[in-house]
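In: take a look and give me a structure for this.
(chains A and B)
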Protein chains: 2
Amino acid sequence: MLSKATIKDIQSLQHKKFRNERKVFAAEGPKLVEEFLSTGYFDCEQVYATAKWKGWQDEKLLSALKEKAQLIEEFELEKIASYTTPNQVVALFKIPEIPSIKAEKKSITILLDSIQDPGNLGTIIRTADWFGIKNIICSENTVDQYNTKVVQSTMASLGRVKVGYTDLEKWVEENHHVPLFATVLNGKPIGELSPINAGVIMIGNEANGLSQALIDKADECITIPRLGLAESLNAAVATSIFLYEITKD
Amino acid sequence: MLSKATIKDIQSLQHKKFRNERKVFAAEGPKLVEEFLSTGYFDCEQVYATAKWKGWQDEKLLSALKEKAQLIEEFELEKIASYTTPNQVVALFKIPEIPSIKAEKKSITILLDSIQDPGNLGTIIRTADWFGIKNIICSENTVDQYNTKVVQSTMASLGRVKVGYTDLEKWVEENHHVPLFATVLNGKPIGELSPINAGVIMIGNEANGLSQALIDKADECITIPRLGLAESLNAAVATSIFLYEITKD
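Out: Modelled structure (predicted):
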């Protein structure tokens, strides 16, 4: 039986302030939790699972978890899960030190300016992982990578892609040893660029795009050509198309 | 002052059953509502707006609306909006006859098999509009295009892209006069295809992909090459990359 204090503690992790205090985040559902447990990307603090969870049948996994797994009832899962239809298990993992990101000389770095939607950030992290990109630097007001919705939409990619937060104007000044690409609505068609082996792809806020200060620092402004009438593309979709185009041979 | 019955009626439109009975859907926020009103994509049934709405200052728009606009208070808006932070206005529009989609000989049609997430469908409609694609055919269990979250994430593209629902296996048999492309995880790299002027791009369910029956009917199985470790791409992201690649010169 979970105590009221435990339930409140887990619920509080839906807020960034409490996650930062506790240095813990929550992941839900057997697929994601088991992938985090098996890869060891994050240290597990505690697993709360109903009798339906298949993990109970996995002796190796249970031995590794030791005292860190607790059987709970369905109604308790509903209280601690953020989903309205929770799925078997909620696990708490330790938030590692937020990395300091540098623009590497032989790879692509993604820069995110004020991305607000958790689904967008999660999808960008997952797509970066698909295209082999390891580093994302975000403005301080970009949504937190350990936000529950971000965690769920990254799948396990959250453990493979480093995401840092900083003052972007300062960061760009310190990392301008590789080309900077600003993604805008009226730049050079992305297909006309030569293949890019290194550089920073700068992506702007969902409604307002990139800040002018960052655009001014760019070496090249690039665009996904529009053939129809939509006013803009979703931020995660635009990022994904840029990543696809610049990473292909 | 809104009556209890009116509030209940508007709230009920968050459920497909009631939308289909009433043949009406809801759109929220000034940007989307004003674009629907100005383009005339959908017949307006009623606008509910607080004093903050700038539409009240637009004489032409008000003349066109006639008696179809009602001033409401902030607390009423909160009751009828689906967003927890509602924005000035909720409007009801008539659902047009759901179109019958045919695969056209000189254009691309998107086929969606069991897409469940409203944000994914909305994003696919918006991206289709960006790339000039006019027709989407969906399995009957794909999420409804007039679902509130779909409407909000399409932006106004919902009025420019036709979305139909049908039995896909039957539809594919009747529309196989253009090439059928199945998007899968182990097909031909999409970049190796010749430019495609016509055809049907088949996209599968978020968790399970395309049904085998549809894959079996395909002329070509295509894939977005993976360079990293993510297990899969988000369905809307994958669709967008395919659309980008096949529509470019």
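
In: I'd say A:G228 and B:I125 touch.
Out: No: A:G228 is not in contact with B:I125 according to C-beta atoms under 8 Å; the separation is 11.1 Å. To be clear about C-beta, it is placed using only N, CA and C from the backbone, and glycine gets the same treatment.

In: who's more crowded, those two?
Out: More crowded of A:G228 and B:I125, by other C-beta atoms under 10 Å in any protein chain shown: B:I125, with 28 against 17.

In: how about the more buried one, secondary structure?
Out: Recorded secondary structure, B:I125: helix (DSSP: H, G, I helix; E, B strand; the rest coil).

In: against A:P118, how distant is it?
Out: 21 Å (C-beta to C-beta, to the nearest Å).

In: toward the C-terminus, what is the element adjacent to the lengthiest strand in chain A?
Out: Longest strand in chain A, counting residues (DSSP state E): strand A:180-189. For strand A:180-189, the succeeding helix or strand toward the C-terminus, using DSSP states H and E, is strand A:199-203.

In: what does that next one rub up against?
Out: A:103, A:108-113, A:115, A:124, A:137, A:172, A:175, A:178-183, A:210, A:214, A:218, A:235, A:238-239, A:242-243, A:246 (C-beta atoms under 8 Å, 6 or more residues apart in numbering or on different chains).

In: which ones are touching the closest residue to A:E76 other than its chain neighbours?
Out: Distances taken as C-beta to C-beta, 6 or more residues apart in numbering or on different chains place A:L2 nearest to A:E76, at 5.1 Å, with adjacent residues excluded. By C-beta under 8 Å, 6+ apart, the residues touching A:L2 are A:Y48, A:Q70, A:I72, A:E76, A:K79, A:I80.

In: A:L2 and A:M202: what is the separation?
Out: In this view, A:L2 and A:M202 are 44 Å apart by C-beta to C-beta.

In: can you pull out the strands in chain A?
Out: Under DSSP E, chain A gives strands at A:24-28, A:44-49, A:69-71, A:89-94, A:108-112, A:135-139, A:162-166, A:180-189, A:199-203, A:220-223.

In: need the max-distance pair from the contacts of A:L2.
Out: Greatest spatial distance among the contacts of A:L2 (C-beta to C-beta): A:Q70 and A:K79, at 13.6 Å.

In: and these two? which has more neighbours close in?
Out: Between A:Q70 and A:K79, A:K79 has the larger neighbour count (other C-beta under 10 Å), namely 17 against 14.

In: do you know the pLDDT at the residue nearest to A:I115 when sequence neighbours are not counted?
Out: For A:I115, ignoring the flanking residues on the chain, the nearest one in space by C-beta to C-beta, 6+ apart is A:T142 at 4.8 Å. What the model reports as pLDDT for A:T142 is 98.

In: try A:K149
Out: Per-residue confidence (pLDDT) for A:K149: 94.

In: check the one 10 residues further on too.
Out: On the pLDDT scale, A:G159 is placed at 93.

In: low pLDDT regions in chain A?
Out: Scanning chain A for pLDDT under 70 picks out nothing.

In: would you agree A:K134 is in contact with A:G159?
Out: No: here A:K134 lies out of contact with A:G159, judged by C-beta under 8 Å, at a distance of 11.6 Å.

In: contacts only, for the residue located most distally from the centre of chain A.
Out: No residue in chain A has its C-alpha farther from the mean C-alpha position than A:M1, which lies at 32.4 Å (C-alpha atoms, centre = their mean). A:M1 makes contacts with A:E76, as judged by C-beta under 8 Å, 6+ apart.

In: near chain B, which residues of chain A?
Out: Residues of chain A that fall close to chain B, judged by C-beta under 8 Å from any C-beta of the partner chain: A:119, A:123, A:126-133, A:153, A:155-157, A:160, A:191, A:224-234, A:236-237, A:240-241, A:244-245, A:247-248.

In: buried subset of those?
Out: With burial judged by 16 or more other C-beta atoms under 10 Å in any protein chain shown, the buried subset of the residues of chain A next to chain B is A:119, A:123, A:126-133, A:153, A:155-157, A:160, A:224, A:228, A:230, A:232-234, A:236-237, A:240-241, A:244-245, A:247.

In: what's in contact with stretch A:170-186?
Out: Contacts with stretch A:170-186, where a contact means C-beta under 8 Å, 6+ apart, come from A:101-105, A:109, A:111, A:137, A:196, A:198-204, A:209-210, A:214-215, A:217-223, A:232, A:238-239, A:242.

In: over to stretch A:45-62?
Out: A:2, A:10, A:24, A:30, A:33-34, A:37-38, A:65, A:68-74, A:76-77, A:80, A:88-94.

In: for that stretch, measure first residue to last.
Out: 14 Å (C-alpha to C-alpha, to the nearest Å).

In: and it, which residues are buried?
Out: A:Q46, A:V47, A:Y48, A:A49, A:T50, A:W53, A:G55, A:W56, A:L61.

In: list just the nearest of those residues to A:L168.
Out: Closest approach to A:L168 among those (C-beta to C-beta): A:Q46, at 35.4 Å.

In: show me what that closest one is bridged to.
Out: A:Q46 has these beta-bridge partners by DSSP bridges: A:L92.

In: next one: it from chain B, what distance?
Out: According to C-beta to the nearest C-beta, to the nearest Å, A:Q46 stands 25 Å off from chain B.

In: just A:F42 next, same as before
Out: 16 Å.

In: which residues touch that residue?
Out: A:F36, A:F93, A:K94, A:I95, A:P96, A:G159.

In: 10 Å instead?
Out: For A:F42, the contact set (C-beta atoms under 10 Å, 6 or more residues apart in numbering or on different chains) comprises A:24-25, A:27, A:36, A:91-96, A:146, A:156, A:158-159.

In: okay, buried residues for stretch A:166-183 please.
Out: Buried-residue list, stretch A:166-183, by 16+ other C-beta under 10 Å: A:T166, A:L168, A:W171, A:V172, A:N175, A:V178, A:L180, A:F181, A:A182, A:T183.

In: and that stretch, end to end?
Out: Terminal-residue distance, stretch A:166-183 (C-alpha to C-alpha): 20 Å.

In: same question for stretch A:73-93.
Out: Note: stretch A:73-93 ends 21 Å apart using C-alpha to C-alpha.
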